[in-house]
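Enquirer: have a look; sequence and predicted model below, questions after that.
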Amino acid sequence: MLFRNRFLLLLALAALLAFVSLSLQFCHAPHHFKLVSVHVFIRHGDRYPLYVIPKTKRPEIDCTLVANRKPYHPKLEAFISHMSKGSGASFESPLNSLPLYPNHPLCEMGELTQTGVVQHLQNGQLLRDIYLKKHKLLPNDWSADQLYLETTGKSRTLQSGLALLYGFLPDFDWKKIYFRHQPSALFCSGSCYCPVRNQYLEKEQRRQYLLRLKNSQLEKTYGEMAKIVDVPTKQLRAANPIDSMLCHFCHNVSFPCTRNGCVDMEHFKVIKTHQIEDERERREKKLYFGYSLLGAHPILNQTIGRMQRATEGRKEELFALYSAHDVTLSPVLSALGLSEARFPRFAARLIFELWQDREKPSEHSVRILYNGVDVTFHTSFCQDHHKRSPKPMCPLENLVRFVKRDMFVALGGSGTNYYDACHREGF
Ligand SMILES: *[C@@H]1O[C@H](CO)[C@@H](O)[C@H](O)[C@H]1NC(C)=O
Ligand SMILES: *[C@@H]1O[C@H](CO)[C@@H](O)[C@H](O)[C@H]1NC(C)=O
């Protein structure tokens, strides 16, 4: 009898746990909130290195897409078949000259891998489940102007964007798709000229350089590795070996060897540890923060513009996708004050959601998610809001005020707009 009761208790407990986890998954927002628009920033998925370690054989990684290789996604074959039907008309020049999926038996430099494609098919499917199936962001017969798609001119960002889009809208109609080309990794089109931003960046690079000089263990490690591959230390360092080593590490390919020895895990650890130290000092010294405020302003300004049009009832650009790089996401995270956020890994995603309160239709709120985690109340413009308000989101006005004014106040100068802040004298 006792045994039976315990069994029932366990059963009840299991049911309760299942219910709690289900509600966590599906109670995305209070029921009286309506999802109005979604703005997605991604870093491309896993890629082949951009640099080679001098005088070593580059890692042999296959960038073709095949079903019997891990990682796999059930939509992989359908994705390939759908991509082969795509036409140049869906892409702004020069994107139309890029391949729509990776396809080299030995990856080219910087090419997206199968892992990278699968990562974004998964991202797309996740967004589909939440935004389309649950919150009906788009009608079934969605139209071309309800999407806004933009990517830099690299094959890995275009292909990542396509994989996410395919996961989000499987078998989409090619005639309704148009990817715009963004020449700048900051997505600052039309407002890229900003001398003060460049000055912040120069100072930040100087800081990085000085920190590196102080780290004798790092210097010793680069020296050892240079000896192994038999090139001057300077040349080895310029070849950014950590990029290539990460690829060896992530794809379980052993580090390269020469007659003089092998690059090994200890080298990897020393460089990685330094990177973490560098990120810590970067946060402390705030030069990167200054760079980020100016660097992220144009794209944040564009995003609030899109949100404000949606609050006026316009039905265009309800789903915006920016397929980008670490050097795009990093400044946005930093500018928003998300300083504890981890460096954007491959396939990282940062999402801005716009919601309307059905009970007070003139009120709109935003939520910000980084890799699925709600970080709204960690942003500098909404840090204390939830202590004062029972609302689970941040008023859109907070974000607007931040982008239009407080970003420039945070820079500490007298500038109150982008142009003045970018052209401050005597900085
Ligand atoms: C990594 O490669 C080694 C051999 O090179 C193998 O023994 C090991 O199982 C591999 N690990 C994974 C996770 O594939
Ligand atoms: C900000 O966006 C508005 C339109 O929403 C535009 O008129 C203005 O030029 C933009 N400013 C910058 C600096 O990008």
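Expert: That came through, no problem. Numbers count the residues shown, from 1 in each chain. Ligands and ions are numbered 1, 2, ... in the order given.
Enquirer: measure whatever residue of the stretch 251-400 of the chain ends up closest to ligand 2 to residue 193 for me?
Expert: In the stretch 251-400 of the chain, the residue found nearest to ligand 2 is residue 305; the distance is 3.0 Å by C-beta to the nearest ligand atom. In short, each C-beta sits where N, CA and C put it, glycine included. Look at residue 305 and residue 193: by C-beta to C-beta, to the nearest Å, they are 20 Å apart.
Enquirer: is ligand 2 contacted by the top strand by length along the chain?
Expert: Using DSSP state E, we find that the single longest strand of the chain is strand 33-43. No: between strand 33-43 and ligand 2, judged by C-beta under 6 Å from any ligand atom, nothing touches; the nearest distance is 13.8 Å.
Enquirer: related to what we said a few turns ago, what number of residues lie near the residue of the stretch 251-400 of the chain closest to ligand 2?
Expert: 13 (other C-beta atoms under 10 Å).
Enquirer: chain center to the strand or helix carrying it, what's the gap?
Expert: Using DSSP states H and E, the element containing residue 305 is helix 287-311. Its chain's average C-alpha position is 15 Å from that of helix 287-311, according to C-alpha atoms, centre = their mean, to the nearest Å.
Enquirer: quick check: what element follows it along the chain?
Expert: Where DSSP H and E defines the elements, the next helix or strand beyond helix 287-311 is strand 319-324.
Enquirer: from the chain's centre, how far out does the helix or strand just after that following strand sit?
Expert: Of the helices and strands lying after strand 319-324 in sequence (DSSP H and E), the nearest is helix 326-335. Relative to its chain's centre, helix 326-335 lies at 8 Å (C-alpha atoms, centre = their mean).
Enquirer: and helix 326-335, what's buried?
Expert: Neighbour counts using 16 or more other C-beta atoms under 10 Å place 328-335 of helix 326-335 among the buried residues.
Enquirer: got the contact list for the nearest residue to residue 289 once chain neighbours are set aside?
Expert: Of all residues not flanking residue 289 in the chain, residue 334 sits nearest, at 5.6 Å (C-beta to C-beta, 6 or more residues apart in numbering). Going by C-beta atoms under 8 Å, 6 or more residues apart in numbering, residue 334 touches 288-289, 292, 296.
Enquirer: how far away is residue 421 from residue 295?
Expert: Separation of residue 421 from residue 295 (C-beta to C-beta): 12 Å.
Enquirer: again with residue 272
Expert: Distance, residue 272 to residue 295, by C-beta to C-beta: 25 Å.
Enquirer: who has more neighbours, those two?
Expert: More neighbours surround residue 295 than the other of residue 272 and residue 295, with 28 against 14 (other C-beta under 10 Å).
Enquirer: pLDDT wise, what is the more buried one at?
Expert: pLDDT recorded at residue 295 is 98.
Enquirer: now it. Nearest residue, chain neighbours left out?
Expert: Residue 295 sits nearest to residue 331 (C-beta to C-beta, 6+ apart), 4.2 Å away.
Enquirer: between the two ends of stretch 384-394, how far is it?
Expert: 10 Å (C-alpha to C-alpha, to the nearest Å).
Enquirer: go ahead and name everything in contact with it.
Expert: 29-30, 33, 355, 365-368, 376-377, 379, 381-382, 395, 398.
Enquirer: what mean pLDDT does stretch 211-222 have?
Expert: The pLDDT scores in stretch 211-222 average 97.
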